[in-house]
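> next come a sequence and a model predicted from it.
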Amino acid sequence: MIWTPSSWQSMPAVQQPNYPDAGALEAALGELRRLPPLVTSWEVDALKSRLAEAQAGKRFVLQGGDCAESFADCESGLIANRLKVLLQMSLVMVHGLKMPVVRVGRIAGQYAKPRSADVETKDGLTLPCYRGDTVNRPEFTSDSRIPNPALLLEGHKRSAMTINFVRGLIDGGFADLHHPEYWDLDWVHHAPLAEQYSRRVEAITESVKFMETLAGQPIHDFNRVEFYTSHEALLLAAEAAQTRQVPRKPGWYNLSTHLPWIGLRTAAVDGAHVEYMRGIRNPIAVKLGVSMSAEWVQELCRLLNPDKEPGRLSFIHRLGAGKVESGLPKMIDAVRAAGHEVLWLCDPMHGNTQTAGNGLKTRRFDDILSEVEQSFAVHAACGSRLGGVHLELTGEDVTECLGGARDLTETDLERAYRSAVDPRLNYEQALELSLKIAAHGGHKP
Ligand code: PEP
Ligand code: CO
(Lines give C-alpha, C1' and ligand atoms only; values in the text may rest on other atoms or scores of the structure.)
(Ligands and ions follow the chains in the order given, each with its own letter.)
Protein backbone atom coordinates (compact mmCIF):
# COMPACT_ATOMS: atom_id res chain seq x y z
CA MET A 1 0.00 0.00 0.00
CA ILE A 2 1.28 3.49 -0.85
CA TRP A 3 1.84 5.61 2.23
CA THR A 4 0.36 9.10 2.51
CA PRO A 5 -0.23 11.18 5.67
CA SER A 6 -3.83 9.95 5.51
CA SER A 7 -3.34 6.32 4.40
CA TRP A 8 -3.90 5.25 8.03
CA GLN A 9 -7.57 6.12 7.54
CA SER A 10 -8.14 2.84 5.71
CA MET A 11 -6.92 0.81 8.71
CA PRO A 12 -8.62 0.22 12.07
CA ALA A 13 -7.77 3.15 14.36
CA VAL A 14 -8.28 2.31 18.04
CA GLN A 15 -8.34 4.80 20.93
CA GLN A 16 -9.69 7.67 18.82
CA PRO A 17 -12.29 10.09 20.21
CA ASN A 18 -15.70 10.31 18.55
CA TYR A 19 -16.14 13.95 17.62
CA PRO A 20 -19.86 14.65 17.21
CA ASP A 21 -19.28 17.76 15.06
CA ALA A 22 -17.32 16.75 11.94
CA GLY A 23 -17.29 20.32 10.61
CA ALA A 24 -15.72 21.68 13.80
CA LEU A 25 -13.10 18.92 13.72
CA GLU A 26 -12.20 19.70 10.10
CA ALA A 27 -11.93 23.42 10.92
CA ALA A 28 -9.57 22.71 13.84
CA LEU A 29 -7.44 20.35 11.75
CA GLY A 30 -7.27 22.97 8.98
CA GLU A 31 -5.97 25.47 11.50
CA LEU A 32 -3.40 22.95 12.81
CA ARG A 33 -2.17 22.41 9.23
CA ARG A 34 -1.71 26.16 8.78
CA LEU A 35 -0.11 27.13 12.08
CA PRO A 36 3.70 27.09 12.38
CA PRO A 37 5.10 23.77 13.59
CA LEU A 38 6.52 23.17 17.05
CA VAL A 39 9.85 21.69 15.94
CA THR A 40 11.96 21.74 12.78
CA SER A 41 13.15 18.97 10.47
CA TRP A 42 16.79 19.86 11.33
CA GLU A 43 16.18 19.13 14.98
CA VAL A 44 14.32 15.92 14.12
CA ASP A 45 17.24 14.75 11.96
CA ALA A 46 19.74 15.75 14.67
CA LEU A 47 17.88 13.65 17.23
CA LYS A 48 17.86 10.68 14.87
CA SER A 49 21.64 10.82 14.62
CA ARG A 50 21.95 11.14 18.41
CA LEU A 51 19.76 8.08 18.81
CA ALA A 52 21.88 6.24 16.24
CA GLU A 53 24.89 7.00 18.44
CA ALA A 54 22.98 5.71 21.46
CA GLN A 55 22.14 2.55 19.51
CA ALA A 56 25.87 2.18 18.80
CA GLY A 57 26.62 2.33 22.54
CA LYS A 58 28.01 5.86 22.57
CA ARG A 59 25.20 7.67 24.37
CA PHE A 60 22.55 6.97 26.98
CA VAL A 61 18.98 8.23 26.61
CA LEU A 62 16.99 9.82 29.39
CA GLN A 63 13.36 10.20 28.35
CA GLY A 64 11.04 11.46 31.04
CA GLY A 65 8.15 13.62 32.12
CA ASP A 66 4.52 13.44 33.07
CA CYS A 67 2.26 10.55 32.23
CA ALA A 68 -0.10 13.22 30.94
CA GLU A 69 0.56 16.92 30.82
CA SER A 70 -2.42 19.02 31.82
CA PHE A 71 -3.43 22.46 30.60
CA ALA A 72 -3.42 23.69 34.21
CA ASP A 73 0.21 22.65 34.62
CA CYS A 74 1.34 24.77 31.66
CA GLU A 75 2.90 27.17 34.11
CA SER A 76 6.44 28.55 34.40
CA GLY A 77 7.38 27.10 37.80
CA LEU A 78 6.25 23.58 37.00
CA ILE A 79 7.91 23.56 33.58
CA ALA A 80 11.18 24.90 34.99
CA ASN A 81 11.16 22.29 37.77
CA ARG A 82 10.56 19.48 35.29
CA LEU A 83 13.46 20.72 33.21
CA LYS A 84 15.63 21.07 36.33
CA VAL A 85 15.09 17.52 37.46
CA LEU A 86 15.83 16.16 33.97
CA LEU A 87 19.00 18.26 33.77
CA GLN A 88 20.14 17.11 37.20
CA MET A 89 19.46 13.47 36.39
CA SER A 90 21.31 13.74 33.10
CA LEU A 91 24.26 15.38 34.81
CA VAL A 92 24.50 12.53 37.28
CA MET A 93 24.24 10.00 34.45
CA VAL A 94 26.87 11.71 32.28
CA HIS A 95 29.24 11.64 35.21
CA GLY A 96 28.54 8.07 36.25
CA LEU A 97 28.13 6.44 32.85
CA LYS A 98 30.97 8.49 31.36
CA MET A 99 29.08 9.12 28.19
CA PRO A 100 26.86 11.89 26.80
CA VAL A 101 23.17 11.69 27.60
CA VAL A 102 20.39 12.41 25.09
CA ARG A 103 17.67 14.33 26.96
CA VAL A 104 14.11 13.81 25.75
CA GLY A 105 11.12 15.23 27.65
CA ARG A 106 7.62 13.76 27.65
CA ILE A 107 6.65 17.37 27.24
CA ALA A 108 5.08 20.00 24.97
CA GLY A 109 2.36 17.74 23.57
CA GLN A 110 1.90 14.73 25.90
CA TYR A 111 -1.78 15.56 26.28
CA ALA A 112 -3.73 12.57 24.90
CA LYS A 113 -4.15 9.28 26.75
CA PRO A 114 -5.20 5.78 25.73
CA ARG A 115 -7.90 4.39 28.05
CA SER A 116 -8.98 0.87 28.89
CA ALA A 117 -12.70 1.65 28.34
CA ASP A 118 -14.44 4.05 25.94
CA VAL A 119 -17.08 5.06 28.45
CA GLU A 120 -17.46 5.55 32.18
CA THR A 121 -20.66 4.97 34.14
CA LYS A 122 -21.52 6.66 37.45
CA ASP A 123 -24.90 6.55 39.22
CA GLY A 124 -26.60 5.24 36.09
CA LEU A 125 -25.09 7.94 33.80
CA THR A 126 -22.74 6.77 31.02
CA LEU A 127 -20.37 9.31 29.46
CA PRO A 128 -17.31 9.13 27.18
CA CYS A 129 -14.13 8.51 29.20
CA TYR A 130 -11.62 11.29 29.79
CA ARG A 131 -8.92 11.01 27.09
CA GLY A 132 -6.61 13.85 28.06
CA ASP A 133 -6.86 17.64 28.06
CA THR A 134 -6.49 17.96 24.32
CA VAL A 135 -9.61 15.81 23.78
CA ASN A 136 -12.06 16.53 26.61
CA ARG A 137 -12.21 17.56 30.27
CA PRO A 138 -12.01 15.23 33.29
CA GLU A 139 -15.15 16.50 35.11
CA PHE A 140 -17.98 13.95 34.97
CA THR A 141 -20.56 16.05 33.06
CA SER A 142 -21.69 15.49 29.51
CA ASP A 143 -20.47 18.94 28.42
CA SER A 144 -16.98 18.26 29.72
CA ARG A 145 -16.71 14.76 28.32
CA ILE A 146 -17.85 15.43 24.75
CA PRO A 147 -14.66 15.50 22.63
CA ASN A 148 -14.10 19.12 21.61
CA PRO A 149 -11.87 19.90 18.59
CA ALA A 150 -11.11 23.38 19.95
CA LEU A 151 -9.02 21.62 22.61
CA LEU A 152 -6.67 20.38 19.88
CA LEU A 153 -5.80 23.99 19.14
CA GLU A 154 -5.50 24.82 22.83
CA GLY A 155 -3.11 21.86 23.17
CA HIS A 156 -1.05 23.15 20.25
CA LYS A 157 -0.84 26.60 21.86
CA ARG A 158 0.16 25.25 25.25
CA SER A 159 2.73 22.95 23.66
CA ALA A 160 4.14 25.97 21.83
CA MET A 161 4.28 28.01 25.04
CA THR A 162 5.99 25.12 26.83
CA ILE A 163 8.59 24.51 24.16
CA ASN A 164 9.20 28.24 23.81
CA PHE A 165 9.93 28.56 27.52
CA VAL A 166 12.18 25.47 27.55
CA ARG A 167 14.12 26.74 24.54
CA GLY A 168 14.43 30.20 26.11
CA LEU A 169 15.75 28.78 29.37
CA ILE A 170 18.28 26.57 27.63
CA ASP A 171 19.44 29.21 25.14
CA GLY A 172 19.62 31.81 27.89
CA GLY A 173 22.13 29.82 29.93
CA PHE A 174 19.91 27.92 32.38
CA ALA A 175 21.61 24.65 31.38
CA ASP A 176 25.10 26.12 31.71
CA LEU A 177 27.42 23.53 33.23
CA HIS A 178 29.31 26.32 34.93
CA HIS A 179 26.19 26.90 37.04
CA PRO A 180 24.60 23.60 38.03
CA GLU A 181 23.26 25.43 41.09
CA TYR A 182 20.63 26.98 38.77
CA TRP A 183 18.96 23.56 38.71
CA ASP A 184 18.82 23.08 42.44
CA LEU A 185 15.35 22.42 43.72
CA ASP A 186 14.61 23.44 47.33
CA TRP A 187 15.24 19.96 48.62
CA VAL A 188 18.85 19.69 47.57
CA HIS A 189 20.24 20.65 50.95
CA HIS A 190 18.10 18.44 53.14
CA ALA A 191 17.41 15.34 51.04
CA PRO A 192 18.84 12.00 52.16
CA LEU A 193 20.83 11.80 48.94
CA ALA A 194 21.98 15.41 48.85
CA GLU A 195 25.56 14.51 49.62
CA GLN A 196 25.90 11.94 46.86
CA TYR A 197 24.45 14.40 44.38
CA SER A 198 26.66 17.27 45.54
CA ARG A 199 29.79 15.12 45.28
CA ARG A 200 29.03 14.40 41.63
CA VAL A 201 28.27 18.05 40.88
CA GLU A 202 31.54 19.15 42.51
CA ALA A 203 33.48 16.59 40.49
CA ILE A 204 31.91 17.88 37.28
CA THR A 205 32.57 21.52 38.17
CA GLU A 206 36.21 20.62 38.78
CA SER A 207 36.43 18.80 35.43
CA VAL A 208 34.93 21.77 33.60
CA LYS A 209 37.47 24.09 35.22
CA PHE A 210 40.29 21.70 34.39
CA MET A 211 39.30 21.40 30.73
CA GLU A 212 38.95 25.15 30.37
CA THR A 213 42.34 25.63 31.97
CA LEU A 214 43.78 23.17 29.44
CA ALA A 215 42.01 24.89 26.58
CA GLY A 216 43.09 28.30 27.88
CA GLN A 217 39.59 29.69 27.31
CA PRO A 218 35.94 29.09 28.22
CA ILE A 219 34.42 26.12 26.37
CA HIS A 220 31.14 27.36 24.99
CA ASP A 221 29.77 23.88 24.42
CA PHE A 222 29.33 23.74 28.18
CA ASN A 223 26.88 26.64 28.13
CA ARG A 224 23.93 24.80 26.72
CA VAL A 225 22.55 21.31 26.18
CA GLU A 226 20.36 19.71 23.57
CA PHE A 227 16.85 18.97 24.69
CA TYR A 228 14.22 17.16 22.64
CA THR A 229 10.49 16.58 22.99
CA SER A 230 8.37 13.46 22.63
CA HIS A 231 4.78 12.37 23.07
CA GLU A 232 2.57 9.38 22.35
CA ALA A 233 1.27 9.84 18.80
CA LEU A 234 -2.26 8.81 19.69
CA LEU A 235 -4.68 11.19 17.95
CA LEU A 236 -3.94 10.35 14.37
CA ALA A 237 -6.00 13.13 12.77
CA ALA A 238 -4.06 15.74 14.73
CA GLU A 239 -0.70 14.06 14.15
CA ALA A 240 -1.41 13.84 10.41
CA ALA A 241 -2.40 17.53 10.32
CA GLN A 242 1.06 18.39 11.62
CA THR A 243 2.85 16.12 9.18
CA ARG A 244 4.58 18.23 6.58
CA GLN A 245 7.00 18.35 3.70
CA VAL A 246 9.93 20.71 4.00
CA PRO A 247 12.04 22.35 1.30
CA ARG A 248 15.05 20.45 -0.05
CA LYS A 249 14.38 17.22 1.85
CA PRO A 250 12.45 14.16 0.77
CA GLY A 251 9.57 12.70 2.71
CA TRP A 252 7.23 13.83 5.43
CA TYR A 253 8.04 14.98 8.96
CA ASN A 254 5.78 15.06 11.97
CA LEU A 255 6.69 18.54 13.20
CA SER A 256 4.62 18.47 16.40
CA THR A 257 7.42 16.67 18.26
CA HIS A 258 10.89 15.26 17.72
CA LEU A 259 10.17 11.71 18.86
CA PRO A 260 6.61 10.40 18.58
CA TRP A 261 5.96 6.95 20.03
CA ILE A 262 3.34 4.23 19.62
CA GLY A 263 1.80 3.12 22.90
CA LEU A 264 1.16 -0.48 23.87
CA ARG A 265 -2.55 -0.32 23.09
CA THR A 266 -2.08 0.99 19.55
CA ALA A 267 0.83 -1.14 18.33
CA ALA A 268 -1.15 -3.66 16.20
CA VAL A 269 0.82 -4.37 13.03
CA ASP A 270 -2.29 -4.03 10.88
CA GLY A 271 -3.54 -0.97 12.77
CA ALA A 272 -3.71 2.68 11.78
CA HIS A 273 -0.98 3.86 14.17
CA VAL A 274 1.69 1.62 12.72
CA GLU A 275 0.55 2.61 9.22
CA TYR A 276 0.84 6.33 10.02
CA MET A 277 4.20 6.03 11.78
CA ARG A 278 5.87 3.92 9.11
CA GLY A 279 5.79 6.80 6.64
CA ILE A 280 7.19 9.71 8.63
CA ARG A 281 10.89 10.55 8.74
CA ASN A 282 11.13 11.17 12.51
CA PRO A 283 12.88 8.77 14.81
CA ILE A 284 10.07 6.77 16.38
CA ALA A 285 9.59 4.44 19.34
CA VAL A 286 7.19 1.61 20.19
CA LYS A 287 6.27 0.33 23.64
CA LEU A 288 6.64 -3.44 24.01
CA GLY A 289 4.65 -5.36 26.60
CA VAL A 290 4.44 -8.94 27.84
CA SER A 291 1.61 -9.80 25.48
CA MET A 292 3.72 -9.30 22.35
CA SER A 293 4.97 -12.32 20.46
CA ALA A 294 8.35 -12.60 18.74
CA GLU A 295 6.58 -12.44 15.35
CA TRP A 296 4.81 -9.23 16.34
CA VAL A 297 8.10 -7.64 17.38
CA GLN A 298 9.75 -8.75 14.15
CA GLU A 299 6.91 -7.42 12.01
CA LEU A 300 7.22 -4.05 13.77
CA CYS A 301 10.90 -3.96 12.78
CA ARG A 302 10.12 -4.75 9.15
CA LEU A 303 7.24 -2.31 8.84
CA LEU A 304 8.75 0.58 10.77
CA ASN A 305 12.38 0.36 9.73
CA PRO A 306 12.53 -1.44 6.37
CA ASP A 307 15.79 0.32 5.44
CA LYS A 308 17.41 -0.61 8.77
CA GLU A 309 18.31 3.00 9.39
CA PRO A 310 20.24 3.43 12.68
CA GLY A 311 18.43 5.66 15.17
CA ARG A 312 15.10 5.29 13.40
CA LEU A 313 13.47 2.76 15.71
CA SER A 314 13.56 2.48 19.49
CA PHE A 315 11.82 -0.28 21.41
CA ILE A 316 10.72 0.70 24.90
CA HIS A 317 10.14 -2.47 26.88
CA ARG A 318 7.76 -2.19 29.84
CA LEU A 319 7.41 -5.70 31.14
CA GLY A 320 7.30 -5.32 34.91
CA ALA A 321 9.95 -6.28 37.47
CA GLY A 322 8.60 -9.83 37.70
CA LYS A 323 8.54 -10.48 33.94
CA VAL A 324 11.60 -8.78 32.52
CA GLU A 325 13.96 -11.68 33.08
CA SER A 326 11.73 -14.17 31.29
CA GLY A 327 10.26 -11.82 28.65
CA LEU A 328 13.12 -9.63 27.50
CA PRO A 329 15.57 -12.23 26.11
CA LYS A 330 12.89 -13.44 23.66
CA MET A 331 12.41 -9.90 22.38
CA ILE A 332 16.13 -9.32 21.98
CA ASP A 333 16.48 -12.64 20.13
CA ALA A 334 13.49 -11.86 17.90
CA VAL A 335 14.96 -8.54 16.75
CA ARG A 336 18.32 -10.15 16.12
CA ALA A 337 16.80 -13.09 14.25
CA ALA A 338 14.99 -10.64 11.97
CA GLY A 339 18.36 -9.11 11.10
CA HIS A 340 17.45 -5.79 12.71
CA GLU A 341 18.98 -3.50 15.30
CA VAL A 342 17.01 -1.15 17.51
CA LEU A 343 17.77 1.21 20.35
CA TRP A 344 16.55 -0.48 23.54
CA LEU A 345 14.97 1.66 26.24
CA CYS A 346 13.44 0.45 29.50
CA ASP A 347 10.19 1.93 30.80
CA PRO A 348 10.15 0.56 34.35
CA MET A 349 6.89 2.36 35.18
CA HIS A 350 4.00 0.86 33.22
CA GLY A 351 4.58 -2.80 34.04
CA ASN A 352 4.73 -2.02 37.75
CA THR A 353 1.47 -0.22 38.40
CA GLN A 354 -0.60 -1.51 41.33
CA THR A 355 -3.49 -0.34 43.47
CA ALA A 356 -2.71 0.67 47.05
CA GLY A 357 -4.95 -0.34 49.97
CA ASN A 358 -6.63 3.08 49.81
CA GLY A 359 -7.52 2.61 46.14
CA LEU A 360 -4.82 4.93 44.75
CA LYS A 361 -2.87 3.82 41.69
CA THR A 362 0.78 3.55 42.68
CA ARG A 363 4.17 2.01 41.88
CA ARG A 364 6.92 0.82 44.21
CA PHE A 365 10.31 2.48 43.84
CA ASP A 366 11.95 -0.91 44.44
CA ASP A 367 10.07 -2.51 41.54
CA ILE A 368 11.02 0.38 39.26
CA LEU A 369 14.67 0.15 40.26
CA SER A 370 14.62 -3.63 40.00
CA GLU A 371 13.24 -3.53 36.45
CA VAL A 372 16.00 -1.12 35.42
CA GLU A 373 18.72 -3.19 37.11
CA GLN A 374 17.44 -6.43 35.59
CA SER A 375 17.21 -4.79 32.17
CA PHE A 376 20.88 -3.80 32.32
CA ALA A 377 21.76 -7.37 33.27
CA VAL A 378 19.53 -9.13 30.73
CA HIS A 379 20.79 -7.00 27.86
CA ALA A 380 24.40 -7.61 28.89
CA ALA A 381 23.78 -11.36 29.21
CA CYS A 382 22.20 -11.43 25.73
CA GLY A 383 25.06 -9.50 24.14
CA SER A 384 22.79 -6.50 23.74
CA ARG A 385 22.80 -3.12 25.49
CA LEU A 386 20.29 -1.08 27.44
CA GLY A 387 20.53 2.31 25.74
CA GLY A 388 18.33 4.38 28.01
CA VAL A 389 15.32 4.74 30.26
CA HIS A 390 11.79 6.09 29.82
CA LEU A 391 10.34 7.45 33.08
CA GLU A 392 7.27 9.16 34.47
CA LEU A 393 8.46 11.85 36.84
CA THR A 394 7.88 15.36 38.03
CA GLY A 395 10.00 18.09 39.56
CA GLU A 396 7.51 18.44 42.42
CA ASP A 397 7.34 16.93 45.89
CA VAL A 398 4.42 14.65 45.08
CA THR A 399 3.66 11.39 46.88
CA GLU A 400 2.49 9.02 44.15
CA CYS A 401 5.10 6.21 44.14
CA LEU A 402 5.93 4.19 47.27
CA GLY A 403 9.40 3.82 48.78
CA GLY A 404 12.61 5.57 47.86
CA ALA A 405 15.12 7.09 50.27
CA ARG A 406 12.33 8.64 52.36
CA ASP A 407 10.46 5.35 52.24
CA LEU A 408 7.02 6.74 51.34
CA THR A 409 4.21 4.55 52.65
CA GLU A 410 0.58 4.08 51.62
CA THR A 411 -0.44 6.68 54.21
CA ASP A 412 1.99 9.20 52.68
CA LEU A 413 0.33 8.79 49.28
CA GLU A 414 -2.64 10.87 50.42
CA ARG A 415 -0.45 13.89 51.31
CA ALA A 416 0.38 15.05 47.78
CA TYR A 417 -1.15 12.75 45.20
CA ARG A 418 -1.72 15.01 42.17
CA SER A 419 -1.50 12.85 39.07
CA ALA A 420 -4.71 12.65 37.03
CA VAL A 421 -3.43 9.45 35.42
CA ASP A 422 -0.33 7.42 36.31
CA PRO A 423 1.80 7.82 39.49
CA ARG A 424 5.07 9.66 38.89
CA LEU A 425 8.41 9.55 40.66
CA ASN A 426 8.85 12.72 42.69
CA TYR A 427 12.08 14.69 42.30
CA GLU A 428 13.92 12.86 45.06
CA GLN A 429 12.91 9.44 43.79
CA ALA A 430 13.81 10.47 40.23
CA LEU A 431 17.23 11.66 41.28
CA GLU A 432 17.77 8.57 43.40
CA LEU A 433 17.03 6.40 40.39
CA SER A 434 19.50 8.37 38.29
CA LEU A 435 22.20 7.92 40.95
CA LYS A 436 21.60 4.16 40.80
CA ILE A 437 21.73 4.19 36.99
CA ALA A 438 24.94 6.23 37.15
CA ALA A 439 26.48 3.40 39.15
CA HIS A 440 26.37 1.33 35.95
CA GLY A 441 29.33 3.29 34.61
CA GLY A 442 31.88 1.10 32.95
CA HIS A 443 29.16 -1.28 31.74
CA LYS A 444 30.06 -2.36 28.23
CA PRO A 445 27.99 -4.42 25.85
C1 PEP B 1 2.27 5.89 28.90
O2 PEP B 1 3.44 5.95 28.51
O3 PEP B 1 1.73 6.74 29.64
C4 PEP B 1 1.46 4.70 28.53
C5 PEP B 1 0.15 4.73 28.43
O6 PEP B 1 2.23 3.61 28.32
P7 PEP B 1 1.94 2.20 27.63
O8 PEP B 1 1.52 2.51 26.22
O9 PEP B 1 3.28 1.54 27.71
O10 PEP B 1 0.90 1.52 28.44
CO1 CO C 1 1.58 6.59 31.94
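Looks like it came in fine. Numbering: from 1, shown residues only. Ligands and ions are numbered 1, 2, ... in the order given.
> need phi/psi at the closest residue to ligand 1 within the chain.
Closest approach of the chain to ligand 1 (Cβ to the nearest ligand atom) occurs at residue 263, with a separation of 3.0 Å. Where you see a C-beta, it was placed from the backbone N, CA and C, and this is true even at glycine. Note on residue 263: backbone dihedrals following degrees, to the nearest 10 are phi -80, psi 170.
> near the closest residue to it other than its chain neighbours, how many other residues are there?
Spatial nearest neighbour of residue 263, chain neighbours left out: residue 232 (4.8 Å); criterion: Cβ to Cβ, 6 or more residues apart in numbering. Residues within reach of residue 232, counting by other Cβ atoms under 10 Å, total 28.
> now do residue 12
12.
> contacts only, for residue 165.
76, 79, 80 (Cβ atoms under 8 Å, 6 or more residues apart in numbering).
> just put these in JSON lines and tack on secondary structure and neighbour count.
Formatted as JSON lines, the contacts of residue 165 follow (DSSP: H, G, I helix; E, B strand; the rest coil; neighbours: other Cβ atoms under 10 Å):
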{"residue": "76", "secondary structure": "helix", "neighbour count": "11"}
{"residue": "79", "secondary structure": "helix", "neighbour count": "22"}
{"residue": "80", "secondary structure": "helix", "neighbour count": "18"}
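> quick one: the strands in the stretch 151-300 of the chain?
228-232, 243-244, 253-254, 259-262, 284-288 (DSSP state E, counting those that start in this stretch).
> so for residue 42, which of these sits nearest?
Closest to residue 42 of these is strand 253-254 (Cβ to Cβ; 10.0 Å).
> how about the contacts made by whichever residue of the stretch 301-445 of the chain sits closest to ligand 2?
Residue of the stretch 301-445 of the chain nearest ligand 2, by Cβ to the ion: residue 422 (3.5 Å). Contact partners of residue 422, counting by Cβ under 8 Å, 6+ apart, are 67, 68, 349, 350, 353, 361, 363, 392.
> what is the burial count for the last one?
The criterion is other Cβ under 10 Å. On that basis, residue 392 has 27 neighbouring residues.
> one more: the first one?
As a burial measure, residue 67 scores 22 neighbours (other Cβ under 10 Å).
> mind checking the SS state of it?
coil (DSSP: H, G, I helix; E, B strand; the rest coil).
> contact partners for it?
By Cβ under 8 Å, 6+ apart, the neighbours of residue 67 are 106, 110, 113, 392, 419, 421, 422, 424.
> next one: the fourth one
Contacts here follow Cβ under 8 Å, 6+ apart; on that basis residue 350 touches 264, 287, 289, 318, 422.
> at 6 Å instead, please
Shown in contact with residue 350 (Cβ atoms under 6 Å, 6 or more residues apart in numbering): residue 318.
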